[in-house]
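Novice: Fold the stuff below for me.
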Amino acid sequence: MYSRSYHFSYVAAISIVVAPALSLLAISEAQAFTSIINARRLPASDSLGDSFAARAQANDPKTQADQLFETAVKQHREGLFRDAIQTFEQVLAIRKQLNDKPGIGETLNHLGEVYGEMGSRLKALEVLRQALAIHREIAEPSRIARTLNLLGFVNRIADNFSEAMKLHQEALELAQKANDQIEIAESFHSIAAVHGEKGEYAKAIEFYQQARAIRTKEGDRRDLGRTLNNMGGVYYNIGDFNRAMEFYHQALAIRREIGDRAGVGRLLNNMALTSRKLGRDTQALIYFQQAIPMLEAIGDKTSIGRVFNNMAAIYESLRQYPKALESYEKALKIAREGGDKVGETTAMEGIKRLSSGQRLPQ
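Specialist: Sure thing, here's the model as predicted:
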């Protein structure tokens, strides 16, 4: 049996509060953006500190591959994307030696998902197409559906909504044929995400509700958290900020419970943006400050820089100009180090504005 995962909480860049067009976290997430394990999936090992040397002493290559796979799943789940890729690559090499086609396909699925969450769309498409070819050869509907949903996700984050919807609908048909409730829920969730990206919010809520019902029944906590988060995003986009916050709080409780640091960090950012819409600037600052260590733990420098930009804008609106300038300077440094042009431009404009005595409107 192999683990299946859909984090989908990746956000290419956290929104900047001075122009807060909050994106739905289909991966989102932000993803957002953090692998998923449920009762039908392999349990992750208790510690990432187990040495690879100890794993090499496994009785046979298959056991070694399975142990490495569990480690990679845990790394992915905790947002350690580069570590996860390295470990999944080791698994892939062993499973290719064993000619374990189902295992190869599943490992490629995970690699494609991680690449997608990191924003490496072309690499994600490359490995997922390899996985799809293998799963079609095996002719197992659930495996095909899983890969189709992942391919749909990658197309969705590239704004290829028509292709994404086609892939998710095909996945839904196959999942229903196999009576695979987890994959049916994932298909509903993904179809909802496409509708949300297209501004079709009523349809998005309808499909998210179907995904939510199944995930609640199945006890699928991590994926339920994703769906609740995305529902919050829909309500944010239609201007129902109190309702959005209700869903964000539910999602936050789940993400903290399961230790999804990447998801918690990005969700706190969403809650901060929503708090500002509700006129709660002090609470927004608290959420931003809580998000920073979570994002630091997973090395998401781009999002950290944008959080500092968001904080600076709030300080500026509160006329706390020294704190605003300090935050803009931190944002600028991080943006330049990470090549984030949008974040760099925002920070530079803020610094210029403060230095010249201009201010954001109150």
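
Novice: where in the stretch 251-362 of the chain is pLDDT low?
Specialist: The stretch 251-362 of the chain contains residues with pLDDT under 70 at 358-362.

Novice: which other helices and strands contact the helix or strand hosting Ala313?
Specialist: Using DSSP states H and E, Ala313 sits in helix 301-317. Judged by 3 or more Cβ pairs under 8 Å, 6 or more residues apart in numbering; DSSP states H and E, helix 301-317 is in contact with helix 261-277, helix 281-297, helix 321-338, helix 341-355. From N, CA and C alone the C-beta is placed, and that goes for glycine too.

Novice: Deepest in the core, which of those is it.
Specialist: helix 261-277 (a mean of 27; mean count of other Cβ atoms under 10 Å).

Novice: Output it as PDB - backbone C-alpha positions only.
Specialist: Provided in PDB are the C-alpha atoms of helix 261-277 (Å, rounded to 0.1, in the frame of the first residue of the first chain):
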ATOM      1  CA  ARG A 261       3.800  24.500  10.000                       C
ATOM      2  CA  ALA A 262       3.600  25.600   6.400                       C
ATOM      3  CA  GLY A 263      -0.100  25.600   6.400                       C
ATOM      4  CA  VAL A 264      -0.300  27.400   9.800                       C
ATOM      5  CA  GLY A 265       2.000  30.100   8.600                       C
ATOM      6  CA  ARG A 266       0.100  30.900   5.400                       C
ATOM      7  CA  LEU A 267      -3.200  30.600   7.100                       C
ATOM      8  CA  LEU A 268      -2.200  33.100   9.800                       C
ATOM      9  CA  ASN A 269      -1.300  35.500   6.900                       C
ATOM     10  CA  ASN A 270      -4.800  35.000   5.500                       C
ATOM     11  CA  MET A 271      -6.300  35.700   9.000                       C
ATOM     12  CA  ALA A 272      -4.200  38.800   9.300                       C
ATOM     13  CA  LEU A 273      -5.400  40.200   5.900                       C
ATOM     14  CA  THR A 274      -9.000  39.400   6.900                       C
ATOM     15  CA  SER A 275      -8.600  41.100  10.300                       C
ATOM     16  CA  ARG A 276      -7.400  44.200   8.500                       C
ATOM     17  CA  LYS A 277     -10.600  44.100   6.400                       C
END
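
Novice: In CSV: the helices and strands packed on helix 301-317, plus distance to Met118.
Specialist: As requested, the helices and strands packed on helix 301-317 are arranged in CSV below (distance: least, Cβ to Cβ, whole Å):
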stretch, distance to Met118
helix 261-277, 11
helix 281-297, 14
helix 321-338, 13
helix 341-355, 17
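
Novice: Which residue, other than its chain neighbours, is closest to Phe334?
Specialist: Check again: residue 334 is Ile, not Phe. The shortest distance from Ile334 to any non-neighbouring residue, by Cβ to Cβ, 6 or more residues apart in numbering, is to Gly305 (3.5 Å).

Novice: so that neighbour makes contact with Gly339?
Specialist: No - here Gly305 does not reach Gly339: they are 10.5 Å apart, not a contact under Cβ atoms under 8 Å.

Novice: count of neighbours near Lys177?
Specialist: The tally of other residues near Lys177 (other Cβ atoms under 10 Å) stands at 11.

Novice: Hmm, I typed the wrong one, I wanted Lys74.
Specialist: By other Cβ under 10 Å, the burial measure for Lys74, its neighbour count, is 22.

Novice: Also Gln86?
Specialist: Count around Gln86 with other Cβ under 10 Å applied: 12.

Novice: between whichever strand or helix holds it and helix 261-277, how many degrees?
Specialist: Gln86 is located in helix 81-97, with elements delineated by DSSP H and E. Relative orientation of helix 81-97 and helix 261-277, computed by axes from the mean of the first three to the mean of the last three Cα atoms, to 10 degrees: 140 degrees.

Novice: so how far is helix 81-97 off the chain centroid?
Specialist: 21 Å (Cα atoms, centre = their mean, to the nearest Å).

Novice: for it, packing partners?
Specialist: helix 61-77, helix 101-118.

Novice: The nearest residue to Ile298 once chain neighbours are set aside: what secondary structure?
Specialist: Distances taken as Cβ to Cβ, 6+ apart place Gly79 nearest to Ile298, at 3.3 Å, with adjacent residues excluded. Classification of Gly79 using DSSP: H, G, I helix; E, B strand; the rest coil returns coil.

Novice: count of residues packed around Gly79?
Specialist: Other residues near Gly79 come to 28 when the count uses other Cβ under 10 Å.

Novice: Ramachandran angles for it?
Specialist: phi 90, psi 10 (degrees, to the nearest 10).

Novice: circling back to that earlier point, distance of the residue nearest to Ile334 from Arg256?
Specialist: As defined by Cβ to Cβ, to the nearest Å, Gly305 lies at a distance of 24 Å from Arg256.

Novice: Look at those two and report which has more neighbours.
Specialist: Between Gly305 and Arg256, counted using other Cβ under 10 Å, the more crowded position is Gly305 (29 against 15).

Novice: which residues sit in contact with that one?
Specialist: 330-331, 334-335, 338, 340, 343, 347 (Cβ atoms under 8 Å, 6 or more residues apart in numbering).
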